[in-house]
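*Asks:* Got a predicted structure here, sequence first:
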Amino acid sequence: MITLMNVRKSFVMDGAESPILHIPHWFVEKGQRLALIGPSGSGKSTLLHLLGGVLTPDSGEITIDNNPLHRYSEAQRDQYRARQVGYIFQDFHLISSLTAKQNVELVMPKQWSKQEREAQMNDWFERVGLEHRKHHLPAQLSRGQQQRVAIIRALIHRPPFILADEPTGSLDWEAAGSIMQLLLSLCEQEGATLVTVTHDLHLAELYPTRVYMSDINELLRAEPGRQSGGEGGEPLESASFVMA
């Protein structure tokens with residue numbers, strides 16, 4: 001379970017402090033699959049980076065399965081990301097000079113034997129429909145295929161948390177829907193907790209839980225024109241989060 005208590009984050013811009021987030025109380029259940037929805041500047045990517053240990057809060061507490069992520073040293077956060085987090089980015093971040101298989105091999109646990117590495121590789125490429133594309137360079141793959149490779153890279157070492165930052169933002173509508181459904185299906189099969197940042201309300205509808213940044217970020221709650229609503233047209237407060 002991921003829990004945030006009174007978390008605040010600001011950035012210094014042009015010499016002045018600019019508050020980005022204030023989350024009084026929010027939690028994500030183990031195995032939950034949710035979409036974080038909000039426009040640019042609402043703090044959704046900042047929140048994702050806090051959950052991944054890329055950023056640290058100015059104040060407040062972030063606990064991961066009762067472990068105090070907010071107190072971790074930089075080395076501990078690096079270890080946390082390597083072992084417990086799988087990241088999926090909008091722009092894939094594949095190394096252009098390496099094949100799809102080689103890009104995935106970079107993150108595979110070193111203790112795996114050659115036989116296990118090959119078996120895992122074959123299984124995952126088959127699961128995403130790219131069993132015949134393992135030896136292709138990124139430039140030889142479509143953008144949707146590149147994102148499928150990135151999904152393998154994030155999930156193959158079976159981390160408990162998957163963080164996806166606009167994973168379909170650079171894809172056309174058909175490819176975006178296919179990729180999002182694939183990601184949801186794989187995370188459900190693996191029992192992984194999935195938090196996806198998106199501004200696309202149609203894609204967010206695919207998720208069992210949808211959380212609007214304006215409902216958890218105290219800095220946005222007083223702003224006019226905020227979007228609201230949850231599953232089945234119900235108020236978003238019925239989704240799985242708690243406000244203090």
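*Replies:* Looks like it arrived, so ask away.
*Asks:* What helix or strand is the residue nearest the centre of the chain located in?
*Replies:* For the chain, Leu163 is the residue whose C-alpha lies nearest the centre (CA atoms, centre = their mean; 1.6 Å). Remark: Leu163 resides in strand 161-165, with elements defined by DSSP states H and E.
*Asks:* Could you pull up the mean pLDDT of the helix or strand that that strand is followed by?
*Replies:* Toward the C-terminal end, the helix or strand that comes next after strand 161-165 (DSSP H and E) is helix 173-190. Helix 173-190 shows a mean pLDDT of 91.
*Asks:* what distance separates helix 173-190 from the middle of the whole chain?
*Replies:* Centre-to-centre, helix 173-190 and its host chain are 13 Å apart (CA atoms, centre = their mean, to the nearest Å).
*Asks:* related to what we said a few turns ago, and the strand holding Leu163, what does it pack against?
*Replies:* Applying 3 or more CB pairs under 8 Å, 6 or more residues apart in numbering; DSSP states H and E, one finds that strand 161-165 contacts helix 44-51, strand 85-89, helix 143-155, helix 173-190, strand 193-198. All C-beta atoms are positioned from the backbone trio N, CA, C, and that covers glycine.
*Asks:* who wins for proximity to Ile23 among those?
*Replies:* Closest approach to Ile23 among the helices and strands packed on strand 161-165 (CB to CB): helix 44-51, 7.4 Å.
*Asks:* Show me what the closest one is packed against.
*Replies:* The contact analysis (3+ CB pairs under 8 Å, 6+ apart) places helix 44-51 against strand 2-13, strand 16-28, strand 33-37, strand 161-165, strand 193-198.
*Asks:* If you count contacts, what does the first one end up packed against?
*Replies:* Applying 3+ CB pairs under 8 Å, 6+ apart, one finds that strand 2-13 contacts strand 16-28, helix 44-51, strand 59-64.
*Asks:* Cool, thanks, talk later.
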